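> coordinates for the following, if possible.
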Amino acid sequence: MTLRSEDDRTYQIVDCASPGLADELAALTVGDTVSVTLTEAACRGNGWRVTAVDTDCAVVDASLVA
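Residues are numbered from 1 along each chain as shown. Okay, the predicted model is just below:
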């Protein structure tokens, strides 16, 4: 999954802290907006791990790209 921040940074999501977080992200469609908390994933390249998701927040951090 790829997320793009409001300041046009791209984040490749390669892991989630829990199955529930993965389910929340899987329910999104391209163009949906979401606020997430990310940590760098232990992998080669620029991978990120989602540790929190808030789909009902007033402040949007990122949009689903692909």
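
> contacting residues around the closest residue to residue 22 other than its chain neighbours?
Excluding the flanking residues, the one nearest residue 22 by CB to CB, 6 or more residues apart in numbering is residue 16, at 4.2 Å. For glycine as for every other residue, the C-beta is placed from the backbone atoms N, C-alpha and C. Taking CB atoms under 8 Å, 6 or more residues apart in numbering, we find residue 16 in contact with 22, 25, 49, 50.

> run the last query once more with 10 Å
Each residue near residue 16 by CB atoms under 10 Å, 6 or more residues apart in numbering is listed here: 1, 22, 23, 24, 25, 26, 36, 49, 50, 51, 52, 53.

> so which residues of the protein form helices?
For the chain, helices defined by DSSP state H occupy the ranges 19-26.

> low-confidence bits of it, can you list those?
Within the chain, the segments meeting pLDDT under 70 span 55-66.

> need phi/psi at the residue sitting furthest away from the middle of it.
In the chain, residue 44 marks the outermost C-alpha relative to the chain mean, sitting 18.1 Å out by CA atoms, centre = their mean. Backbone geometry at residue 44, expressed as degrees, to the nearest 10, gives phi -70, psi 150.
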